[in-house]
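Novice: Predicted model and sequence below, questions to follow.
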Amino acid sequence: MGNLLGGNRHFEGVVAGLPSMAGKVVAVTGCTSGTGKIFAQVCAEKGAKLVLLNRESERATQALKDISEAAKAAGAPEPSGIPCDLMSFKSVRAAGEKLQAELRESGLDVLCNNAGIMGFGDKATEDGCDIQMQTNHLSHFLLTYLCMPLLDKAASLRGEARVVNHSSCARVMTGPEFTNKLEEKYMQKNGGNLGGDSEEIMRGANFVRYQQTKLANVAFTYALHKRLQEAGSKVKALVAHPGVAPTQLAQGTMKAGGANDLARYPKWASSIFFKLMYQSEEDGAVGILRNSCDPAANSGDFFGPLGKGGATGAFDTGEFKGPVGLLKHLGHFYDLWKGKSQK
C-alpha cells in the first residue's frame, strides 16, 4: 500500500492496534478499489472470512484474487465473491439469497455498506430510483434487511454483530441549493426528475442528490441503532466518513461529468489542489475499520476525521483529513429518524 500524496499518517498505527478478526465473517460492498478494497485486505490479514459484494467485472475478479492472496498469506479462510449490482434491487435480492445459503451456519459478523457513487447525472435505475440514492442508500438498506437474520445468527454465536454505513463530509453542504433536510422525494421513484444535471464540483443538482444520499446514510444508522437497542439486539449500527481521498469515487465523478469545471484548470494546478485537500486512501479507510474491528466501538458511533467534531450541523472542510475520532451530533441529526425537519 502507499500514497502518491506523501504516505499514510494514521493508517498503520490504527491497524496495528486492531485485534484479530479470526473466526469472524465480514461482507463488504464496493471493494474493487479504494477504501473498500483496503478494508477487505486488512480484515483478511486480521484473519476474517471475507465476502466481496461487487458488480461482475474484471476489476471484481482481480479484487477477489488480490484479497485471496492476502488471506492465504495470513492463514485466513478463502474469500468468496458474490455478484451484487446496487443499481438493481433484483441483483441485491439475489445476493441476499446467496449470502443466506453461504453463511447460514456461521452468520455474518460485519456488513460494511461501503460502495458509493458521487456527482452522477439525473438518471433512473431499472427500478425507477435516482442512481445515486439507490446505489448509496436504498440498496444498502435492502441488503441490510436481507442480512439481518445472518447478523442475528453471528451475534448469538459470538456476542455481537455490526452494520457499518459509509457517509461523507458532504452529508451537509453550503450553498443556496442545499436544504440539508432529508427529503422524501429523493428516495422515491423519481429518478430522472430530480433537478437535472450540473457540471461544477460540489455544486448544483448532481451534488444535491449526492448530499441527500450521504445524509440518508447517517439517518439510517441512527434509526437502525434506535430500533436495535429498543429490541434488545446485540447487533450494532455504526457509521463513518472517510474524509477526502483520491479513490475511484472522485474519478467516477469526473467520468460522469459532475466536475467538468476542473477540466479548465491545468494538471499541475489540479495536482496541487488535490495534494492540499486529500489524504491517502488508506487513511480514508480508518473510519470503517474502527467501526468494524474496534472492540470499543459502540452502536450509534460515528467515526471520521474530526474537523470541528461534527456537531456544528454545517459543512466542515476540517473533516477532509486528519486523525479519526468519534464525532458528535446535535439534536437535528437525531430528528432525522423521527421524521422531523433539520433546522
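Specialist: Nice, I can see it. Everything numeric in this text was worked out from a predicted model, so none of it was measured. Numbering: from 1, shown residues only.

Novice: So which residues of the stretch 151-300 of the chain form strands?
Specialist: With DSSP state E, counting those that start in this stretch, the ranges of strands along the stretch 151-300 of the chain come out as 161-166, 235-240.

Novice: wait, which of those strands is closest to Met148?
Specialist: Between Met148 and those, the tightest spacing by C-beta to C-beta is seen for strand 235-240, at 7.4 Å. All C-beta spots, glycine's among them, are computed from the backbone N, C-alpha and C.

Novice: For that closest one, which strands pair with it and how are they oriented?
Specialist: strand 161-166 (parallel), strand 302-305 (parallel) (DSSP bridges).

Novice: just those: most buried one?
Specialist: strand 161-166 (a mean of 28; mean count of other C-beta atoms under 10 Å).

Novice: residue contacts, the closest residue in space to Ile117 that isn't next to it in sequence?
Specialist: Nearest residue to Ile117, sequence neighbours excluded (C-beta to C-beta, 6 or more residues apart in numbering): Thr135, at 5.1 Å. Applying C-beta atoms under 8 Å, 6 or more residues apart in numbering to Thr135 gives the contacts Leu86, Met87, Ala115, Gly116, Ile117, Thr213.

Novice: Repeat that for Asn298.
Specialist: Lys236, Leu238.

Novice: From Arg290, how far out is it?
Specialist: Counting by C-beta to C-beta, to the nearest Å, the gap from Asn298 to Arg290 is 11 Å.

Novice: swap in Ala16?
Specialist: Separation of Ala16 from Arg290 (C-beta to C-beta) stands at 13 Å.

Novice: Between these two, tell me which one has more neighbours.
Specialist: Arg290 (23 against 7; other C-beta atoms under 10 Å).

Novice: contacting residues for the closest residue in space to the more buried one that isn't next to it in sequence?
Specialist: Counting by C-beta to C-beta, 6+ apart, Arg290 lies nearest to Phe303, which is 4.9 Å off, once chain neighbours are set aside. Contact analysis of Phe303 by C-beta under 8 Å, 6+ apart lists 238-241, 286-288, 290-291, 297, 324-327.

Novice: possible to save the residues you listed as a markdown table with pLDDT and distance to Asn8?
Specialist: What follows is those, written out as a markdown table (pLDDT from 0 to 100; distance: C-beta to C-beta, whole Å):
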| residue | pLDDT | distance to Asn8 |
| --- | --- | --- |
| Leu238 | 98 | 22 |
| Val239 | 98 | 22 |
| Ala240 | 97 | 17 |
| His241 | 96 | 18 |
| Val286 | 97 | 9 |
| Gly287 | 97 | 14 |
| Ile288 | 98 | 15 |
| Arg290 | 98 | 15 |
| Asn291 | 98 | 18 |
| Ala297 | 97 | 21 |
| Val324 | 94 | 12 |
| Gly325 | 93 | 17 |
| Leu326 | 94 | 21 |
| Leu327 | 93 | 21 |
